[in-house]
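**Student:** sequence first, then the predicted structure, then my questions.
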Amino acid sequence: MSASPSVVLLAGGAGGSAFAVGLRDELRARGGELTVVCNTADDLWLAGLRIQPDVDSMLYGLAGVKDTAKGWGRAGDSLRVAAELHAWGVGWDWFELGDLDLGAHISRTSWLREGASPTTVLARLQARWRDEIGATLLPMTDAEVETHVVIEDSGDAGGAVTIHFQEWWTRYRATREPERFENPGMTGARPAPGVLEAIARADAVVFAPSNPIVSIGPILAVPGIRDAVAAAPGRVVGVSPIIGGAPVRGMADVCLRVAGVPCSADGVAGHFGARADGGLLDAWLLAEEDAALAPAVASLGIDAHVRPLWMAGPDLTRALAADTLAAAGF
Ligand code: GDP
Ligand code: CA
């Protein structure tokens, strides 16, 4: 086995980018290689701009310019332009767009309007911080795919309303009970150039501790990606985003409930399934708090590794990345 492994990471925003930094550092030290396939189903058009929340968290996180306290956006950002947009009633006043962040959105939209594909646009964005990033970032697809939330409306009109995932998550903090999630545009989507190739030549495929339903879910739903992961020559290893029966941050519990998946480390492992049993995982990392669930994971046919899963600081995150590589055989 290669001592300098080539790894593909499937990831969402906050949890995904935090983990990616540790994995990048660990692979860098071993002379390995990292390709990150980012969820783009959170993307949206707002104020005339294409916004890619998870892609940008990954970009800023690996480049070392992310606001790590907030978990998203640029460190030291200001809101002068946002205040002007709000004065004119443009955009969503509950959706914060920092000035530096807007620079990325304007550049992206400008390149898209010139005809560049989302893959090319992301290559240009990451070229600015090539040395710092030390990884290749790919969107899951070049197609415009979004996550929408269908909500049973209890208002006078009755019936169901459909809102963009960002509105449900950021404006309503997941308090409006969803009936289901939808991914318009998914059926006709294709994996972005390089995604299937990277999975097919990777020594390991890793699922970041990201939201299983709305971050990892859409990546796997791009026609072709699930099959590529199932057929990957390297081991497929996941890190549980659920510790002690609850998400560490965010509202993944609501998403899991809607999808009918138990909010537990073994529940999420079962949702992805064992590769030996038509699913995707060879190994799963669960938190020490969930050690009692290891036999349940093992009984699914997935190697269970009980490890510290809290990414509380760079050292712990890097240790988690090393444990993940160990579970992949490196
Ligand atoms: P989003 O796109 O910004 O929602 O971020 P992700 O989908 O990438 O990650 C969200 C998930 O990260 C949540 O379900 C959290 O439980 C998980 N998460 C956040 N911090 C940690 C941590 O320190 N350890 C683990 N294991 N999971 C975490
Ligand atoms: Ca996200």
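**Tutor:** Looks like it came in fine. Ligands and ions are numbered 1, 2, ... in the order given.
**Student:** just list whatever residues bridge to L138.
**Tutor:** On the basis of DSSP bridges, L138 is bridged to V37.
**Student:** distance of the residue of the stretch 201-330 of the chain found nearest ligand 2 from G32?
**Tutor:** When scored by Cβ to the ion, the stretch 201-330 of the chain has S215 as its residue closest to ligand 2, at 5.2 Å. Every C-beta, even on glycine, is put in place using the N, C-alpha and C of the backbone. S215 sits 23 Å away from G32, going by Cβ to Cβ, to the nearest Å.
**Student:** repeat for D203
**Tutor:** With the distance defined as Cβ to Cβ, D203 ends up 8 Å from G32.
**Student:** show me which residues of the stretch 51-200 of the chain are close to ligand 2?
**Tutor:** Contacts of the stretch 51-200 of the chain with ligand 2, taken as Cβ under 5 Å from the ion, map to D54.
**Student:** can we see that at 6 Å?
**Tutor:** Taking Cβ under 6 Å from the ion, the part of the stretch 51-200 of the chain that reaches ligand 2 is made up of 53-54.
**Student:** any idea of the pLDDT on A157?
**Tutor:** Each residue has a pLDDT score; the one for A157 is 68.
**Student:** please read the previous query as pertaining to V205.
**Tutor:** What the model reports for V205 is a pLDDT of 99.
**Student:** ok so it is a strand residue?
**Tutor:** Yes. Counting by DSSP: H, G, I helix; E, B strand; the rest coil, V205 is part of a strand.
**Student:** which ones are touching it?
**Tutor:** 7-8, 10, 199, 229, 232, 234-237 (Cβ atoms under 8 Å, 6 or more residues apart in numbering).
**Student:** quick one: the strands in the chain?
**Tutor:** Under the criterion DSSP state E, strands of the chain are mapped to 6-11, 33-38, 44-46, 49-51, 136-139, 148-152, 160-164, 178-182, 204-207, 235-239, 242-243, 246-247, 283-287, 303-307.
**Student:** which strands or helices does the first one pack on?
**Tutor:** Secondary structure elements in contact with strand 6-11, counted by 3 or more Cβ pairs under 8 Å, 6 or more residues apart in numbering; DSSP states H and E, are helix 14-29, strand 33-38, helix 195-201, strand 204-207.
**Student:** tell me the residues of the stretch 201-330 of the chain that contact ligand 1?
**Tutor:** Selection of the stretch 201-330 of the chain residues close to ligand 1 by Cβ under 6 Å from any ligand atom yields 208-211, 215, 239-241, 243, 247-250, 252, 309-311.
**Student:** just the buried ones among those residues, please.
**Tutor:** Applying a neighbour-count criterion of 16 or more other Cβ atoms under 10 Å, the buried members of those are 208-211, 215, 239-241, 243, 247-248, 250, 252, 309, 311.
**Student:** least confident of these?
**Tutor:** G250 (87).
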